[in-house]
Structure formats: structure tokens, C-alpha cells
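**Q** predicted structure and sequence below. I'll ask about it afterward.
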Amino acid sequence: MPGGRLTQQERQQIALGVADGLAYAEIARRLDRPTSTITREVMRNGGPTAYRADLAHRATEHRAHRRRQAAPRDPKAPAQAYGRDAEAVRAYEETFTTVLMASGMSKMMSRVLACLCISDTGSLTASELVQRLQVSAASVSKAIAFLESQGLVRRERDERRRERYVVDDDIWYQSMMASARSTAQLVDVARQGVGVLGPGTPAAARLENIARFLDFVSESIARAADQAREVLHTKPETASDSTV
């Protein structure tokens, strides 16, 4: 599989694939690239409705030039733990952010959530987020407020009375249950439409089928989330655990 940056020719192929409505996975297969590379490329350059190969190529060159000219990062920034490759971690965090954006979350909310999720502690202060993301405190505050409203982040005080923002083991369970509840609301609305439009009419039949489908999906999500919840609390194996 080829590595390195995308070429202008590859970006033209991506643009053609997006215009033809191909899935990112199919575009990636044709270019022999990871799907995450294609997803990140499109989402950071206007999204599927505005992606242009020439503009994306120039923007990438501009970003690369800007990084070369940028001042060194704050020397107080924490070093990577466990011998991790800092550049690989940065690239992964960007990929994680891009996928969250593709799910409908705004860029800043996605960046904050990704940053929290890949931290070993699962919690950071506002100042730590500002330092890691190189953004304003106001941007972090707004992102945290949204994430907290969605049940994805909670606040707590540490031993120094500093407010920390936490992603705990249960946030994905809560997120799935919220999705199930939202889908269940759509079921109720669809079935209300059956009564309004008249049972047996084409429109009512369509709404009833939608309600049946979404009802099945909602129940399946809730049931699967309950069954898999304990997976979120599984502790990682240590080197000594895996030694036979």
C-alpha cells in the first residue's frame, strides 16, 4: 500500500469518485489507500459537496509550508508516554477528529472529544486542552458545553480544585442509548402520521413501514448496548498479564 502524501493525480481521482457518489472505502480501494486517508482528505477540504482537487492540493501545500515555518511548540508540552511516535499520534488524532466530524459533530467539538479520548487519563483541564489544541479558552469552553449537553463529557474537581473534563467508560453507552431514544421518537411521529393521513393510503403505508423499521433498529441498538456495556469497562492487559 503506498504511503506518503496524496498526489495531485490521486486528488483528481478522489474528486471524480466523490462526484460519482462512490463510498470513501471504494475510492480508497481504487487508490490502494486507507479509507481513513480518503475520509480525512475530503472532510478537511470542504466535505463531499465542496471538494475540489486543485484547491485541496494547494491547501495541503500551504499547510505543509506553514508547519515548516511555525515556531517550535511550547517546551512545557508533555512528552509522549509509552515511547509513542508523536507524529503518528498526531495523525491518528486528526483521523479520529475527521471521523467524528463526518458523523455530524462540528470541528472544535470533534477536536476536543478526540483529544480527551486519546489521553491516557481520559481527563484534561481547560488549560491543558488549550495547550494541546492551540486554540482559545473560549473555543474550548463552547465545545465542552455542547459535549456535556450530549452526555459525552462530565466535569469533576481534582485534588487541586481544578475543574477537569472527563470522558469515562460509559459515554459511548450513554451515546448509544440517546440515539435509541431519538430513533424511538421518530417511530412515534411516523405512527402519528399514519392516523393523520389515513390507514391504508400510500403515504400512511410508507410511514408505517418507516415506523416498523426504526422501531426494530431502536430496540436493537438499546439491546446491543446493554449486552455489550461491560466491554467498555474491560481493563487493558499489562505485559505481565500476557506472559505465559
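**A** Yes, it's here. Numbers count the residues shown, from 1 in each chain.

**Q** switch to C-alpha atoms for all contacts and neighbour counts from now on
**A** Noted.

**Q** mind listing the strands for this protein?
**A** 123-125, 154-157, 163-166 (DSSP state E).

**Q** which parts of the second one are buried?
**A** If you call a residue buried by 16 or more other CA atoms under 10 Å, then strand 154-157 has these buried ones: Arg154.

**Q** each with direction, which strands does that strand pair with?
**A** Paired neighbours of strand 154-157 in the sheet (DSSP bridges): strand 163-166 (antiparallel).

**Q** what is the mean pLDDT for the partner strand?
**A** The average of the pLDDT scores along strand 163-166 is 92.

**Q** residues near Gly195, how many?
**A** 12 (other CA atoms under 10 Å).

**Q** distance-wise, check it relative to Ala211.
**A** Separation of Gly195 from Ala211 (CA to CA, to the nearest Å): 13 Å.

**Q** ok so, going back, now distance to Ala190 too, for the strands of the chain, in CSV please.
**A** Formatted as CSV, these follow (distance: least, CA to CA, whole Å):
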stretch, distance to Ala190
strand 123-125, 40
strand 154-157, 34
strand 163-166, 37
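
**Q** any low-confidence regions in this protein?
**A** Low-confidence segments of the chain (pLDDT under 70): 1-3, 63-79, 237-244.

**Q** relative to Pro199, how far out is the residue positioned nearest the centre of it?
**A** For the chain, the residue nearest the mean C-alpha position is Leu100 (1.6 Å; CA atoms, centre = their mean). As judged by CA to CA, Leu100 and Pro199 stand 40 Å apart.

**Q** all helices of this structure, in order?
**A** 8-19, 24-31, 35-43, 53-69, 86-102, 107-118, 126-133, 137-149, 171-197, 202-228 (DSSP state H).

**Q** what's the angle from the third one to helix 107-118?
**A** What it means is helix 35-43. Helix 35-43 and helix 107-118 meet at an angle of 150 degrees, taking axes from the mean of the first three to the mean of the last three CA atoms, to 10 degrees as the criterion.

**Q** can you name every helix or strand that helix 35-43 contacts?
**A** Applying 3 or more CA pairs under 8 Å, 6 or more residues apart in numbering; DSSP states H and E, one finds that helix 35-43 contacts helix 24-31, helix 86-102.

**Q** buried residues, stretch 84-98. List them.
**A** Glu93, Glu94, Thr95, Phe96, Thr97, Thr98.

**Q** of all the helices of the chain, which lies closest to Arg160?
**A** helix 126-133 (13.9 Å; CA to CA).

**Q** next, the angle from that closest one to helix 107-118.
**A** 100 degrees.

**Q** which residues sit against helix 126-133?
**A** Ala77, Arg111, Val112, Cys115, Ser136, Ala137, Val140, Ser141, Glu163, Arg164, Tyr165 (CA atoms under 8 Å, 6 or more residues apart in numbering).

**Q** ditto for stretch 111-121
**A** 93-94, 96-97, 122-124, 129, 133, 140, 143-144, 147, 166-167.

**Q** what's the domain layout of this structure?
**A** Following automatic domain parsing, one gets these domains for the chain: 8-66, 103-166, 171-233.

**Q** and the ones you listed as JSON lines, adding distance to Val89?
**A** JSON lines is the format used below for those (distance: least, CA to CA, whole Å):
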{"stretch": "domain 8-66", "distance to Val89": "14"}
{"stretch": "domain 103-166", "distance to Val89": "9"}
{"stretch": "domain 171-233", "distance to Val89": "22"}
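
**Q** nearest to Tyr82, out of those domains?
**A** domain 103-166 (10.3 Å).

**Q** endpoints of that closest one, how far apart?
**A** 21 Å.

**Q** just checking the distance from that domain to the centre of its chain.
**A** Centre-to-centre, domain 103-166 and its host chain are 14 Å apart (CA atoms, centre = their mean, to the nearest Å).

**Q** so which of the helices of the chain gets nearest Arg157?
**A** helix 126-133 (12.0 Å).
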